[in-house]
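Colleague: sharing a model prediction with you, sequence too.
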Amino acid sequence: MSFLKLEWLENSSNKIPLQYHLFFWFGYFLFNVVRWGSYFDDYWYSLKSNLVEFPLHIVIVYFNIYYLIPKFILTRKFKRYILFLLVSLFLLYCIRTGLNFLLVTKNIWPEADGMQQAFTFNHIIAVILGELYVVALASAIKLTFDWIYEKRRAEDLQKIQLSTELDFLKSQIQPHFFFNTLNNLYALTLKKSDIAPDVVLKLSDIMQYVLYDVKEPLISLHDEINYIQNYLELEKLRYGDIVNAEITISGNIEDVKIPPLLFLPFIENCFKHGAHENEAIDVQIKFEIQTNKWLKFCVKNTFVHLNETNQKHGIGIKNVKRRLQLLFNNNFKLKTFVKKQHYFVKLKIPIQ
C-alpha cells in the first residue's frame with residue numbers, strides 16, 4: 001500500500017491539464033466578446049478586438065505564472081517582480097495598442113468620449129489595469145490549484161508516513177514474539193521434554209497466522225481471538241497445569257474488525273511477569289462489545305515483582321501504545337495498574 005502510494009506521488013503533478021486551460025480561455029473569450037459586444041452594440045468589433053488582445057492576455061498570464069512568480073515571488077525578490085511585471089505590461093500595452101490601431105480601429109479607446117490618442121497617461125493606466133485584472137484572475141486560479149495540490153500532497157505524505165510507521169511497528173511484534181517463543185522451545189529441548197514437538201507444531205500454526213494472515217490493516221476480531229487462544233495453548237504446553245487461562249466474550253463479534261496483533265503484547269506480559277517458581281499463573285481475558293461502537297479489552301493476571309535491573313526491557317507494550325496513538329489518535333483509553341498481586345489492563349478502542 002505504501003509503495004503504491006509513493007509511486008502515485010512520484011508520478012503525479014501539479015500541472016493543470018491542457019483541457020482546463022483551453023476551457024478557461026475559451027469561456028473567458030466568449031464572455032468578453034458578449035460583454036463588450038453588448039456594451040458597444042457591435043459584436044463584430046468586439047470579436048475582432050478580442051481576437052487581437054487574447055493572445056497577448058495569454059502570453060502575459062503565463063509569463064507571470066511560470067516565470068515571474070517562481071523566479072521572484074517564491075525567492076522573495078518582490079521589488080524585481082514589480083519592476084519586471086510593469087515593464088512587461090508596458091511592452092504589452094505598446095503591442096496591443098499598435099495591433100488594434102492597424103487591424104481593428106483607429107479609435108484606440110472607444111470606451112472614452114471622442115477620439116483619444118495613444119500613449120496618454122489615462123489610456124496607459126486603463127489598459128494596464130485591464131491586463132492586471134486578467135493576470136490576477138488567472139494567477140489566483142493557478143495558485144489556488146497549487147495550494148490544493150500541495151495540501152493533498154502533504155496529507156498523502158503524512159498518511160504514508162503513518163502507514164509506514166504502523167507497518168514497522170507491526171513487523172516488530174513478529175520477531176519479538178518468535179524470539180521469546182524460540183527461547184522457550186530451546187529451554188524445553190535442553191530438558192529433552194516430550195512436549196517440544198507439540199510446541200513446534202503449535203508455533204508453526206501461529207507463524208502461519210502472523211506471517212500470512214495479517215497482511216491487511218484490519219482483520220476479524222474472531223480470527224485474532226483464535227490466534228490468542230493458540231498462543232495460550234502454546235504457553236500451557238510450556239508451563240503445564242499451573243496455567244489457568246480463560247477468555248470471555250460479551251456481545252456479537254462476527255463483523256468486528258481490528259488492527260492485527262494489537263493485544264498480543266499484553267498477553268505475553270501475563271507470562272513474562274506472572275510466572276515464578278511453579279506458582280499458578282491465572283490469566284483472565286475479556287472482550288466486550290459496547291453499544292456496537294466500542295470494543296473493551298481487559299486482562300487480569302497474577303503478577304510477580306522482580307528486580308527491574310535483572311530484566312530485559314521488551315518493546316511490546318511501548319510498541320502497542322505507539323500503534324494506538326497512530327491508529328486512533330486520542331480516541332482510545334488505555335489503563336494499566338497493579339492491585340493485590342494482580343496486573344490489570346483495560347483498553348477501549350472504537351469499532352472499525
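Modeller: Done, it's in. This is a predicted model, so every value here is computed, not measured.

Colleague: what about the residue nearest to residue 16 when sequence neighbours are not counted, distance to residue 152?
Modeller: Nearest in space to residue 16, with sequence neighbours left out and distances taken as C-beta to C-beta, 6 or more residues apart in numbering, is residue 145 at 5.8 Å. Just so you know, the C-beta spots here come from the backbone N, C-alpha and C atoms, and that holds for glycine as well. Residue 145 sits at a distance of 11 Å from residue 152 (criterion: C-beta to C-beta, to the nearest Å).

Colleague: can you check residue 179 too?
Modeller: 41 Å.

Colleague: residue 285 - that's part of a helix, no?
Modeller: No - Residue 285 is assigned strand when assessed by DSSP: H, G, I helix; E, B strand; the rest coil, not a helix.

Colleague: quick one, strands of the stretch 51-200 of the chain?
Modeller: With strands called from DSSP state E, counting those that start in this stretch, the stretch 51-200 of the chain shows none.

Colleague: shaky segments in it?
Modeller: Counting by pLDDT under 70, the stretch 51-200 of the chain contains low-confidence ranges at 109-116, 157-178, 180-181, 184.

Colleague: and the helices in it?
Modeller: Taking DSSP state H, counting those that start in this stretch to define them, one finds helices in the stretch 51-200 of the chain at 78-99, 121-190, 196-208.

Colleague: adding distance to residue 237, write those out as a markdown table.
Modeller: Shown next, in a markdown table, are the helices of the stretch 51-200 of the chain (distance: least, C-beta to C-beta, whole Å):
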| stretch | distance to residue 237 |
| --- | --- |
| helix 78-99 | 75 |
| helix 121-190 | 9 |
| helix 196-208 | 5 |
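
Colleague: out of those helices, which is closest to residue 216?
Modeller: With C-beta to C-beta as the measure, helix 121-190 is the member of the helices of the stretch 51-200 of the chain nearest residue 216 (10.9 Å).

Colleague: please report the distance of residue 250 from residue 230.
Modeller: 21 Å.

Colleague: give me the element residue 22 is part of.
Modeller: Residue 22 belongs to helix 18-40 when assigned by DSSP states H and E.

Colleague: go through that helix and flag the buried ones.
Modeller: Within helix 18-40, the residues that count as buried by 16 or more other C-beta atoms under 10 Å are 21, 25, 28, 29, 32, 33, 36, 37.

Colleague: what do you get for stretch 281-291?
Modeller: 281, 282, 283, 284, 285, 287, 289.

Colleague: then that stretch to PDB, C-alphas only?
Modeller: Extracted C-alpha coordinates of stretch 281-291, given in PDB (Å, rounded to 0.1, in the frame of the first residue of the first chain):
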ATOM      1  CA  ILE A 281      -0.500 -18.400  36.500                       C
ATOM      2  CA  ASP A 282      -4.000 -17.100  36.300                       C
ATOM      3  CA  VAL A 283      -5.000 -15.200  33.200                       C
ATOM      4  CA  GLN A 284      -8.400 -13.800  32.600                       C
ATOM      5  CA  ILE A 285      -9.100 -12.200  29.200                       C
ATOM      6  CA  LYS A 286     -12.400 -10.400  28.300                       C
ATOM      7  CA  PHE A 287     -13.600  -8.900  25.100                       C
ATOM      8  CA  GLU A 288     -16.800  -6.800  25.300                       C
ATOM      9  CA  ILE A 289     -18.700  -5.000  22.600                       C
ATOM     10  CA  GLN A 290     -20.300  -1.900  24.000                       C
ATOM     11  CA  THR A 291     -23.300  -0.300  22.100                       C
END
